[in-house]
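**Student:** take a look and give me a structure for this.
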Amino acid sequence: MSEGAFQRLWDSSHLILQELLDQEQPLLEPVPHRERQSFRYRLSSLYLYYLGLLRRFDTLYDRMVQPQKRRLLRLPDGVAGLMLELKDDLVRVDLCETPCLDQVLQGLKLTPADLEVPIPKYFQLERSSVLRERGHMLADLLSRLEPVFSEESFPVLPRTEAVILLQKAERARQGRLRATFMREIRKEEERDRKIRGEGRPRFSQDEAAIIIQKVWKGYQQRKRTQQDRRTEMEFIGMLPSSSQAEHSAVTSQASLGEDVRRLLQTKKEEAFQSAMVKTHDALRERGPDMREKMKEQIRQWFIEHHALTGFPDYPDESLGGSYLIFADKTPEQVKMELEVQVQESKNKDQKKSKGKEKEKKEKKEKKRKGDMTRKGEADTMLRLLPSKSIAVINAGHEEYTNLWKDRFDSLHPNQSFDSEILQVEKRKEVEQEIRIQVDELMRQELKNLRLAVDREEGRTSKPPKKMRGQGWDKEGHTPGRQGTEDNCLCVCFQPKKMGKKPEKRKKEKDLTPDRSVDSLFEELIIFGLLKKCETVALKDYVGDYLCLGSTLNLANKLPMPSLFDIRQNVALYGVLRLAERPWGEARASSPDIHSTAPLIRSILLVGPSGMRKKMLVKAVCTETGANLFDLSPGNLQGKYPGKTGVQTLVHIVFKVARYLQPSVIWIGDAEKNFYKRVPEEDKEMDPKRIKKDLTKALRLLNPGDRVRLMGTTDRPQAAEMKGLCRTYEQVLLLSRPDYASRYVLWKHMIEAQGVQVTQSLDVSALAKVSDGYTPGCIHQAIQAVLTERRLLQLSKRPLVASEFLGHLAKLDPVYGEEEESLKDWDFKTPLGKKRMKLIKDQDATEEARLAKEKKRK
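**Tutor:** Take a look at the predicted model:
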């Protein structure tokens, strides 16, 4: 696609964004409980639209070259934050982590592929240098710690035994060849014996020619028919393309184009960065003139304001300072704005106090009325929560409208930066820097002017004692004056803005103040608590979408989450919330995704063994470039003993994790930290020793901290429900794959071994017979069959489904009892309890409705 096509895609994306922002306003109003389905449909539609918009902006950011447009195209941060908020609202309405959206997809004429959560490419591409340096440092430390295996570490055979071993292998090979040769000889002798016994049939020359032609033409026609059938199946997409050379050529050409585009983006970005520095320096040289001009404007404002209403109140820095003066407004307008802002602050304080009183009254009413109040709350519970991302999106949309909407690319055909826009942006930055300095000087000058006027008019500047401390300065002057009927200057008291005192959070005590982070980093590597993560892409966790979720809900059957749903939830809760902007100064006013999205400190992955839970943890680390800390009970055995040792351990891990953000703290067998009763074989491990300190450390994580605790378990029933759910805020249940996911799994894993799936391999039969088996079991069976020797034989002996059955039968599937046990446990979680209560209420409502209909009849 050309830059013009990307520009058109950008314009259409902003049109869609404007429509979506208008659609969101009605959802902010409360909706009765009986309209849950319609509210859920509108909310799901909005979520899918923003998901598609995020995909569009990510494509634009990755493909566009112009550096200033790419900065504005970081709008996906705001869109992703709003999408995460909508996802939380959808879970709150549906009371399920995997809401069924198949009916919404059908209504919007979308496909399950449109549900795929895009992971922005800049997560890794623009932090590649940082990730490389960290990887080299980690590899260097690990290479120094790992023992170097010398040749002496391998067992050495004496020469005689080695010769005997080689002789055995060679004689066995010759014996196999001899047996094959003798088998062929025996077959040939048997064929000759049959011919001699039956007699060779005699044909004339014409009859022999007809027989040969018939056989040859039949072979040719069958081959032609088979080729035509395969071509048709490839055309309609039922079979993969057989022209691997053409496919590889297209792929290599596309990758080459991406590399060229990324080099061009880097070149344009470097040129833009150098131009930013030069422009800033050039404007700083004109700083003295700008400073004097500002002073003259402010002095003129003093004179005009004094002639009308007396000396003005100098705008506070939090309100914009002298920026209000330079906004082309009259003194009366500036004064009115200041008064309105003060009045708004008073109204906010009054609303807060009234809100507190209302909350107290509501609490008392709840205690008195009980069930009646609960019903009233249920009637107004369905509405969107206020969004923190709307302001970010509106700012980006407004900037696009003002700067780029009507700007034509013909002005900059080589996609270089726009010097006019850069000049305006840098001028604002320099004026802001100078304005802060000028404000300090002019506040002092205004103070001196007031003193001089007071001396001339013979006024005493001492205020009454009662008024001291209420907005008066040390000399007894107030920050503002106004005119009276006598045309004399009198004191105008302006109260200081009294805000709510910030909540005092307990600061974490630093247990290692005398140690550097590098030394702590090396210590964690030595003890094996900080590990090098394998490179695993989240897209490798393959699975298909469950298209019958709504049908199962109508049949009063709770649908289990598919592998597709699991992958999407991990992307939403684990990957996007650990995102980081590659540059901080360029868009410092725009917060990152993890700052605007709802805070989630911890995730628990629950599922049978073999569901590849650890692979998901590694995928989160790979996609975000996060460090992997291992606090599994088995890995902590014998390390940091004692109570102080545990405190130091947790403190060091979280301190280094915050310093080297993003970070993932993984706890395998998470149920062991919350055992109801510790088994005898685990008592030596003491798995519950970090429970208390871990919970305390999690509470200290703030929205800006990109640290995530991820636990994995296959036996959550052995843990205390209260402690486990209090530590892990988000619980994701992983169920065994359904038929569609198993079909995709078999095909993907076989092709990953370099084998092309042909018609001789019945993947559908494999998906049917592997019902109940986890992805780990399927992967083990494929690894056992597709050995190196079997791969060499594929050209002569194609792969068939029956080869996998023997290896699959040796593995244990997920039995129904185990799956039902995990379902029952999931119903006991806080979200599961709400879900079950909702189902019971709906059933009771339906029964009451049916009973009323019977009475009417």
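
**Student:** give me phi/psi at residue 514?
**Tutor:** phi -100, psi 10 (degrees, to the nearest 10).

**Student:** how much space between it and residue 629?
**Tutor:** Distance, residue 514 to residue 629, by C-beta to C-beta, to the nearest Å: 22 Å. Placement of C-beta: from N, CA and C, glycine included.

**Student:** more neighbours: which of those two?
**Tutor:** Here residue 514 and residue 629 are compared on neighbour count by other C-beta atoms under 10 Å; more neighbours surround residue 629, at 23 against 6.

**Student:** pretty sure the more buried one is touching residue 650, no?
**Tutor:** No - between residue 629 and residue 650 no contact is recorded; they are 10.6 Å apart, counting by C-beta atoms under 8 Å.

**Student:** verify the stated contact: residue 100 with residue 550.
**Tutor:** Yes - here residue 100 reaches residue 550: they are 4.9 Å apart, a contact under C-beta under 8 Å.

**Student:** could you look up the SS state of residue 157?
**Tutor:** coil (DSSP: H, G, I helix; E, B strand; the rest coil).

**Student:** excluding chain neighbours, what is closest to it?
**Tutor:** residue 165 (7.3 Å; C-beta to C-beta, 6 or more residues apart in numbering).

**Student:** hang on, that neighbour packs against residue 171?
**Tutor:** No - contact status for residue 165 versus residue 171: not in contact, 11.1 Å apart, counting by C-beta under 8 Å.

**Student:** which element, helix or strand, includes residue 224?
**Tutor:** Using DSSP states H and E, residue 224 maps to helix 205-235.

**Student:** next SSE after that helix?
**Tutor:** Under the assignment DSSP H and E, the closest C-terminal helix or strand after helix 205-235 is helix 244-285.

**Student:** what mean pLDDT would you report for that following helix?
**Tutor:** Averaged over helix 244-285, pLDDT sits at 76.

**Student:** which strands or helices does the helix or strand harbouring residue 166 pack on?
**Tutor:** Using DSSP H and E, residue 166 maps to helix 159-198. Packing partners of helix 159-198 (3 or more C-beta pairs under 8 Å, 6 or more residues apart in numbering; DSSP states H and E): none among the helices and strands.

**Student:** flag every buried residue along that helix.
**Tutor:** Of the residues in helix 159-198, none is buried by neighbour count under the rule 16 or more other C-beta atoms under 10 Å.

**Student:** kindly report the same for stretch 443-456.
**Tutor:** So stretch 443-456, judged by 16+ other C-beta under 10 Å, has buried residues 443, 445, 446, 447, 450, 454.

**Student:** next one: stretch 59-72 to chain centre, how far?
**Tutor:** Stretch 59-72 has its C-alpha centroid displaced from the chain centroid by 21 Å (C-alpha atoms, centre = their mean, to the nearest Å).

**Student:** could you give the average pLDDT over that stretch?
**Tutor:** Averaged across stretch 59-72, the pLDDT comes to 80.

**Student:** kindly report the same for stretch 666-683.
**Tutor:** In this model, stretch 666-683 carries a mean pLDDT of 89.

**Student:** what's next to that stretch, contact-wise?
**Tutor:** Stretch 666-683 is contacted by residues 604, 614, 617, 628-635, 685, 687-688, 690-691, 694, 709-713, 715-720, 723-724, 727-728 when judged by C-beta atoms under 8 Å, 6 or more residues apart in numbering.

**Student:** which of the residues you listed are buried?
**Tutor:** By neighbour count, with 16+ other C-beta under 10 Å, the contacts of stretch 666-683 hold 604, 617, 628-633, 635, 685, 687-688, 690-691, 694, 709-713, 715-716, 718-720, 723-724, 727-728 as buried.

**Student:** next up, phi/psi of the residue nearest to residue 649 when sequence neighbours are not counted, please.
**Tutor:** Distances taken as C-beta to C-beta, 6+ apart place residue 640 nearest to residue 649, at 4.1 Å, with adjacent residues excluded. Here is the backbone geometry of residue 640 (degrees, to the nearest 10): phi 50, psi 60.

**Student:** roughly how far apart are residue 640 and residue 690?
**Tutor:** Per C-beta to C-beta, residue 640 is found 9 Å from residue 690.

**Student:** how about the spatially most central residue of the chain, what does it touch?
**Tutor:** Most central in the chain under C-alpha atoms, centre = their mean is residue 576, positioned 1.6 Å from the mean C-alpha point. Applying C-beta under 8 Å, 6+ apart to residue 576 gives the contacts 80, 84, 117, 119, 593, 597.

**Student:** state the distance from it to residue 730.
**Tutor:** Distance, residue 576 to residue 730, using C-beta to C-beta: 13 Å.

**Student:** just the strands in the protein please.
**Tutor:** 480-483, 489-492, 530-531, 602-606, 627-630, 663-668, 707-713, 730-733 (DSSP state E).

**Student:** how long is stretch 528-547 end to end?
**Tutor:** 43 Å (C-alpha to C-alpha, to the nearest Å).

**Student:** return the set of buried residues in that stretch.
**Tutor:** Buried residues in stretch 528-547 (16+ other C-beta under 10 Å): 529, 530, 531, 533, 536, 538, 541, 542, 543, 544, 545, 546.

**Student:** spit out the contact partners of residue 763.
**Tutor:** 743, 746, 747, 750, 757, 801.

**Student:** among those residues, who's most crowded?
**Tutor:** That'd be residue 746 among the contacts of residue 763, by other C-beta under 10 Å, with 24 neighbours.

**Student:** so what pLDDT did that residue get?
**Tutor:** 93.

**Student:** from residue 540, how far off is the residue nearest to residue 803 when sequence neighbours are not counted?
**Tutor:** Closest residue to residue 803 apart from its sequence neighbours, by C-beta to C-beta, 6+ apart: residue 785 at 5.2 Å. Note on residue 785: its distance to residue 540, by C-beta to C-beta, is 20 Å.

**Student:** try residue 650
**Tutor:** Distance, residue 650 to residue 540, using C-beta to C-beta: 32 Å.

**Student:** now do residue 234
**Tutor:** 25 Å.

**Student:** returning to that earlier point: what's the overlap in contacts for residue 640 and residue 690?
**Tutor:** The contact sets of residue 640 and residue 690 overlap at 646, 649 (C-beta under 8 Å, 6+ apart).

**Student:** possible to save the contacts of residue 763 as JSON lines with distance to residue 843?
**Tutor:** Below are those laid out as JSON lines (distance: C-beta to C-beta, whole Å):
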{"residue": "743", "distance to residue 843": "35"}
{"residue": "746", "distance to residue 843": "39"}
{"residue": "747", "distance to residue 843": "41"}
{"residue": "750", "distance to residue 843": "45"}
{"residue": "757", "distance to residue 843": "46"}
{"residue": "801", "distance to residue 843": "44"}
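
**Student:** show me those that map onto helices.
**Tutor:** 743, 746, 747, 750 (DSSP state H).

**Student:** got the contact list for the first one?
**Tutor:** Neighbour list for residue 743: 544, 763, 764, 767 [criterion: C-beta under 8 Å, 6+ apart].

**Student:** what's the burial count for the third one?
**Tutor:** Spelled out, that is residue 764. By the other C-beta under 10 Å criterion, the neighbourhood of residue 764 contains 13 residues.

**Student:** measure the nearest residue to it once chain neighbours are set aside to residue 542 for me?
**Tutor:** Take residue 764 and drop its neighbours on the chain: the residue closest to it by C-beta to C-beta, 6+ apart is residue 743, 6.6 Å away. The spacing between residue 743 and residue 542, counted by C-beta to C-beta, is 10 Å.

**Student:** likewise residue 403?
**Tutor:** To residue 542, residue 403 is 42 Å away according to C-beta to C-beta.

**Student:** flag the shaky bits of the stretch 1-150 of the chain, pLDDT-wise.
**Tutor:** Filtered on pLDDT under 70, the stretch 1-150 of the chain yields the residue ranges 1-3, 25-28, 74-75, 126, 145-150.

**Student:** return the helix or strand in the chain with minimum mean pLDDT.
**Tutor:** strand 489-492 (a mean of 30; mean pLDDT, DSSP states H and E).

**Student:** that older thread, residue 187: which of the buried residues of stretch 528-547 is nearest?
**Tutor:** Closest approach between the buried residues of stretch 528-547 and residue 187, by C-beta to C-beta: residue 542, at 46.1 Å.
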